[in-house]
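Undergrad: below are the sequence and a predicted model for it; my questions follow.
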Amino acid sequence: MSPLLALLVLVVLVALTTAVGVVLRARAGRAVAGSAERIAPADLGGVAPFGTRATLVQFSTPTCAQCPGTARLLRGVAGRHEGVEHLEVDLARHPEVADRFGVLQTPTTLLLDAGHRVRARIGGAPRPEALETELETVLGGSRVH
């Protein structure tokens, strides 16, 4: 391979890698619509009971650098809303859960409504404003009048 062709290949690879990184970074922490799949506590390895109005399920691992901060954020958000619980699932202890929910990165957060249906999924550390917006949507839809 000629040096010029090798340099061109290198430049293309660096550009492609940079573009992929920018796209992934822009998407991280944003909520995407959930599958509306209903989840039972047993599906999560038997963690604590779900909230009566909504549940924030955090998938984490012991080596995840962003997981402790995410847990603090989710606990704080849950604490400000009656009937909302935060559950943390350690994927190192329950690897089958990662397979079941297709978790490829930690933290990953699922927002469940009162019927335990997945309403939103957030890959990476949640952006507080996106989390609050999604939670308000779920809480507004689950209120009993």
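TA: That came through, no problem. Residues are numbered from 1 along each chain as shown.

Undergrad: helix or strand right after the helix or strand of the chain with the lowest mean pLDDT?
TA: Here the helix or strand of the chain ranked lowest by mean pLDDT, DSSP states H and E is strand 31-33, holding a mean of 68. Following strand 31-33 in sequence order, the next helix or strand is strand 54-60 (DSSP states H and E).

Undergrad: what sits up against that next one?
TA: Residues from elsewhere that reach strand 54-60 (C-beta atoms under 8 Å, 6 or more residues apart in numbering): 39, 44, 67, 70-71, 74, 77-78, 81, 83-91, 97-98, 101, 103, 106-114, 116, 131, 135, 138-139, 142. Using the backbone N, CA and C atoms, a C-beta is placed for each residue, glycine as well.

Undergrad: would you mark the buried spots in the next helix or strand after that strand?
TA: Once strand 54-60 ends, the next helix or strand along the chain (criterion: DSSP H and E) is helix 67-79. Using 16 or more other C-beta atoms under 10 Å as the test for burial, helix 67-79 gives 67, 70-71, 73-74, 77-78.

Undergrad: could you dump those to JSON lines with distance to Ala125 and pLDDT?
TA: Below are those laid out as JSON lines (distance: C-beta to C-beta, whole Å; pLDDT from 0 to 100):
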{"residue": "Cys67", "distance to Ala125": "9", "pLDDT": "96"}
{"residue": "Thr70", "distance to Ala125": "5", "pLDDT": "97"}
{"residue": "Ala71", "distance to Ala125": "10", "pLDDT": "97"}
{"residue": "Leu73", "distance to Ala125": "8", "pLDDT": "96"}
{"residue": "Leu74", "distance to Ala125": "10", "pLDDT": "96"}
{"residue": "Val77", "distance to Ala125": "13", "pLDDT": "95"}
{"residue": "Ala78", "distance to Ala125": "16", "pLDDT": "95"}
